[in-house]
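Asks: Give me the fold of what follows.
(2 chains)
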Amino acid sequence: MEHERSRRILVLLDTIAVRQEVIRYAVALARRMDAEVTLLLLIPLRADPEQDEGAAVARGRRVMARQAEKMAAAGVSATWEVIEGEPRSELLKFMALHPSFLALVWGGDPAVIRPGAARRIAHWLPEVRGDLNCPLVVPTPR
Amino acid sequence: MNDPLRILVVDDESIVGKRLKPILEKSGYQVDVCESGTAALERLAEKTFDIVVTDVRMDDVDGLQVLARVLATSPSTKVIIITGYATVELAREALTKGAFDFIAKPFKPDDLRAVIRKAVKQLEADAASTDE
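Replies: Numbering: from 1, shown residues only, chains lettered A, B, ... in the order given. Below is the predicted model of the structure:
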């Protein structure tokens, strides 16, 4: 089924330690494609939900807001969302509830999604790669 | 809500029900398990559940049919879809058809517990708005 495609690039993050090359890459790509950016931070569930409730999400929101401001200062409009839950399911739901993106930029560690990544660090993202309805791009450090 | 919440787990892989039942019972829920969609529809005709956790791909009646039956007979019941064949399309279909949430397998028990807690909060909010 063909779905409406937005003029948005999705930047997927799994850490608040945002690599600046990811932000620079997303800004350059957005300018080239005349697109806006959505930053999505997925936070895995805490083992103890009663402990430190909401702190990780609050921290994530602060960081995302800062990154969106940086992008705006560079002339690219950016929105952001922070979701706590099982990351793979949350990404699929997020993409199901939004029009298709022009591209998904992986903002986490490039090594974990490299083909042949060691099992102990292997990430779930390559498993859903074929199902994203948009290209997956991985900025790497120069 | 003083009575324990009633949860129905539907999955044709018997190991799923066997693992989830004690985990959810330990959290204070009353749990029934069905190992086919047909058995689930029969159970749903006899009993109302607060939450239904169902697999999608099953031989006879699939999880989306279970979802449709639940929402037709008990609209307040929260249905959580679990699947080993998780795709954006399936997530979209399940959510637009009224599923409360969607979890890709394999998942950790904590992931399901968290979604169930969310469903319980929603059930409490629904009950509070009905009481007003």
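Asks: which parts of chain B sit against chain A?
Replies: For chain B, the residues found near chain A under the criterion Cβ under 8 Å from any Cβ of the partner chain are B:86-89, B:91-92, B:95, B:101-104, B:107-108, B:110-111, B:114-115, B:117. No exception for glycine: its C-beta is placed from N, CA and C like everyone else's.
Asks: part of a strand, is residue A:12?
Replies: Yes - according to DSSP: H, G, I helix; E, B strand; the rest coil, the state of residue A:12 is that of a strand.
Asks: And what about residue 60, helix, strand or coil?
Replies: Here I'm looking at chain A. Recorded secondary structure, residue A:60: helix (three-state DSSP).
Asks: ok, how many other residues are close to it?
Replies: 22 (other Cβ atoms under 10 Å in any protein chain shown).
Asks: Model confidence score at residue 17, please.
Replies: All of this refers to chain A. Residue A:17 carries a pLDDT value of 93.
Asks: The chain in question should be chain B.
Replies: Note on residue B:17: pLDDT of 96.
Asks: From the residues of chain B next to chain A, keep the buried residues only.
Replies: With burial judged by 16 or more other Cβ atoms under 10 Å in any protein chain shown, the buried subset of these is B:86-88, B:91-92, B:95, B:101-104, B:107, B:110-111, B:114-115.
Asks: Which residues of chain A lie near chain B?
Replies: Residues of chain A lying near chain B (Cβ under 8 Å from any Cβ): A:1, A:45, A:47, A:49, A:85-86, A:88-89, A:92-93, A:95-97, A:128, A:131-133.
Asks: Just the buried residues out of those residues, in ChimeraX syntax.
Replies: In ChimeraX, a selection of the buried entries from the residues of chain A next to chain B looks like this (16+ other Cβ under 10 Å):
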select /A:45,85,86,88,89,92,93,95,96,128,132,133
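Asks: Which members of the residues of chain B next to chain A are positioned in strands?
Replies: Among the residues of chain B next to chain A, DSSP state E puts B:101-104 in strands.
Asks: my guess is residue B:7 is in a strand, correct?
Replies: Yes - the assignment for residue B:7 by three-state DSSP puts it in a strand.
Asks: list the contacts for it?
Replies: Listed by Cβ atoms under 8 Å, 6 or more residues apart in numbering or on different chains, the contact partners of residue B:7 are B:24, B:29-32, B:49-53, B:116.
Asks: So which elements touch the helix or strand where residue A:9 lies?
Replies: Using DSSP states H and E, residue A:9 maps to strand A:8-13. Judged by 3 or more Cβ pairs under 8 Å, 6 or more residues apart in numbering or on different chains; DSSP states H and E, strand A:8-13 is in contact with helix A:20-33, strand A:36-43, strand A:103-106.
Asks: Make JSON lines from these and add mean neighbour count to it.
Replies: Supplementary listing: those in JSON lines, determined by neighbours: other Cβ atoms under 10 Å in any protein chain shown:
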{"stretch": "helix A:20-33", "mean neighbour count": "17"}
{"stretch": "strand A:36-43", "mean neighbour count": "22"}
{"stretch": "strand A:103-106", "mean neighbour count": "22"}
